[in-house]
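> Let me see the structure of the following:
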Amino acid sequence: MWNLERYKENIALYLESGETISYQQIAQSQKEIGSVLRGRTVAVLVCCNTLGCILCYLSLMRKDIVPLLLPANLEEQEVLRITQAYRAKYLCCCRGYLSQNWNPLIAIEDYNIYEIPNWKKTEMSKDLALLLTTSGSTGDSRCVRLSKTNIKSNAVSICQYLKLTQNERAITSLPFHYTYGLSVIHSHLLCGASLLLTDKNILQKEFWQFAESKGATSFAGVPFNYEMMNRFGLLEKLPKSIKILTQAGGRLEPELQEKIAQLAIQRKILFYIMYGQTEATARISYLPPSLALEKAGCVGKAIPGGKIWISEDDEVCYQGNNVCLGYAKSYRDLKKEDENNGVLYTGDIGYLEDGLL
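Numbers count the residues shown, from 1 in each chain. Sure, this is the predicted structure:
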């Protein structure tokens, strides 16, 4: 999916330790990790924004093993329950997370990969590539089923409308398991750009020190991020290297959108308001930066390759190659094929004005 060796000399990851990881080094790690992994199966990945996690994820994808991504703050018993529900063969987590007395199959930086005892093989669709929990669905194990086509088409669209190049440096300001945060990783690796890998949050000074020292060129945030940045005066203190701000994951209050848009104009920053769902592999629409001030409260037009329309009941509908295959609640659903045929009925109410949502 990602031709890592094409950008082999490029720096893929900047670490807080000062170390850098090239695309070639990631490709080599993929081969080493992949050499011990066997079978077409599911692997539960308990996610952190760390080197071990991203190497596990990319290695699983390369081996055609389906990662099921979970947050690191999920209790161990719940992780094990989901592991069993999906008949996962592997469990990947930060060293020290498990209380189980299992020997790791392989250790990767700060992560271990464990092979689940008494694993049972299950039938899976050939198109299934990734399982992501929907917002609030972790308790019942419901996941969105995504294909490689879904992932790549969405990443290509994002690269296109954000005009991403190999010179970009995005800081990991969002959780790895979250579809928006994951889309930042996917799109930047697709175009040979760099990621500033940190598990710090925006209210920690170390986050901004890292962003400043490594020349972060973009920042991605949900409304809460921008509200906190506004409350603590961080918007005015953005690193001078920041050239792109993106916002998704909920409605940004128009007043705050206007404030950020005005700041962006002053700083010559491109500010993108966006809308999406996990079911669309992250992104459905974007508002061009030139309209951010004029169209406060609007989430823009369909991403490249997508189409938006409004149903008779005022529901927002979307069509594109990034629409998921469907849902899964257990291993029994993994054999299902594409149930959506590229069409998503979002459940959200909206309207179009001048072609904008």
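
> In the protein, which residue sits furthest out from the middle?
Glu312 (32.1 Å; Cα atoms, centre = their mean).

> Report the separation between that one and Ile349.
When distance is defined by Cβ to Cβ, to the nearest Å, Glu312 is 12 Å away from Ile349. The C-beta positions use only the backbone N, C-alpha and C, and glycine is treated the same way.

> swap in Asn154?
23 Å.

> So for these two, which residue has more residues nearby?
Asn154 (29 against 11; other Cβ atoms under 10 Å).

> Isn't the more buried one up against Ile284?
No. Judged on Cβ atoms under 8 Å, Asn154 makes no contact with Ile284 at a distance of 9.5 Å.

> Quick one: low-confidence residue ranges for the stretch 1-150 of the chain.
135-140 (pLDDT under 70).

> where along it do the strands fall?
11-15, 20-22, 42-47, 66-71, 90-94, 106-108, 111-115, 128-133, 143-147 (DSSP state E, counting those that start in this stretch).

> can you put those in a markdown table and add distance to Glu255 and mean neighbour count?
Formatted as a markdown table, the strands of the stretch 1-150 of the chain follow (distance: least, Cβ to Cβ, whole Å; neighbours: other Cβ atoms under 10 Å):
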| stretch | distance to Glu255 | mean neighbour count |
| --- | --- | --- |
| strand 11-15 | 35 | 20 |
| strand 20-22 | 40 | 17 |
| strand 42-47 | 33 | 26 |
| strand 66-71 | 31 | 23 |
| strand 90-94 | 39 | 25 |
| strand 106-108 | 45 | 16 |
| strand 111-115 | 42 | 21 |
| strand 128-133 | 32 | 24 |
| strand 143-147 | 33 | 25 |
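
> and Ala261, which of those is closest to it?
Closest of the strands of the stretch 1-150 of the chain to Ala261 is strand 11-15, at 28.9 Å (criterion: Cβ to Cβ).

> Who does that closest one pair with, and is each partner parallel or antiparallel?
strand 20-22 (antiparallel), strand 194-197 (parallel) (DSSP bridges).

> now could you export just the CA positions of it as CSV?
Provided in CSV are the C-alpha atoms of strand 11-15 (Å, rounded to 0.1, in the frame of the first residue of the first chain):
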residue,chain,number,x,y,z
ILE,A,11,13.1,10.6,7.0
ALA,A,12,9.8,9.0,7.9
LEU,A,13,9.9,9.6,11.6
TYR,A,14,11.4,12.1,14.0
LEU,A,15,11.5,10.8,17.6
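
> before we move on, back to that, nearest to Ile260, out of the strands of the stretch 1-150 of the chain?
The nearest among the strands of the stretch 1-150 of the chain, by Cβ to Cβ, is strand 11-15 at 25.5 Å.

> Work out the gap between that closest one and the centre of the chain.
17 Å (Cα atoms, centre = their mean, to the nearest Å).

> again with stretch 326-341
Going by Cα atoms, centre = their mean, where stretch 326-341 is centred and where its chain is centred differ by 21 Å.

> tell me the SS of the residue nearest the centre of the chain?
Closest residue to the average C-alpha location of the chain: Leu182 at 1.2 Å, with Cα atoms, centre = their mean. Secondary structure state of Leu182, per DSSP: H, G, I helix; E, B strand; the rest coil, is helix.

> What spatial separation is found between the nearest residue to it once chain neighbours are set aside and Ala72?
Spatially, and ignoring its direct neighbours in sequence, Leu182 is nearest to Phe176 (6.4 Å; Cβ to Cβ, 6 or more residues apart in numbering). Phe176 sits 9 Å away from Ala72, going by Cβ to Cβ.

> Mutual contacts of these two, please.
Common neighbours of Phe176 and Ala72, using Cβ atoms under 8 Å, 6 or more residues apart in numbering, are 47-48.

> For these two, indicate the residue with more neighbours.
Relative neighbour count places Phe176 above the other of Phe176 and Ala72, with 24 against 18, counting by other Cβ under 10 Å.

> looking at this, the more buried one is in a strand?
No. Read with three-state DSSP, Phe176 is coil and lies in no strand.

> Domain boundaries for this structure, per the record?
For the chain, automatic domain parsing gives the domain ranges 20-146, 148-321.

> possible to save those domains as JSON lines with distance to Ile11?
Converted to JSON lines, these look like this (distance: least, Cβ to Cβ, whole Å):
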{"stretch": "domain 20-146", "distance to Ile11": "5"}
{"stretch": "domain 148-321", "distance to Ile11": "5"}
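
> ok, Thr149 - contacts?
Contacts of Thr149 by Cβ under 8 Å, 6+ apart are 127, 321.

> gap between it and Gly320?
With Cβ to Cβ as the criterion, Thr149 and Gly320 are 11 Å apart.

> what sits against the residue nearest to Leu130 when sequence neighbours are not counted?
The shortest distance from Leu130 to any residue other than its chain neighbours is 4.3 Å, reached at Leu146 (Cβ to Cβ, 6+ apart). Neighbour list for Leu146: 128-132, 281, 324-325 [criterion: Cβ under 8 Å, 6+ apart].

> Got the phi and psi for Lys152?
Main-chain torsions, Lys152, degrees, to the nearest 10: phi -70, psi -40.

> What about it, how many residues nearby?
18.
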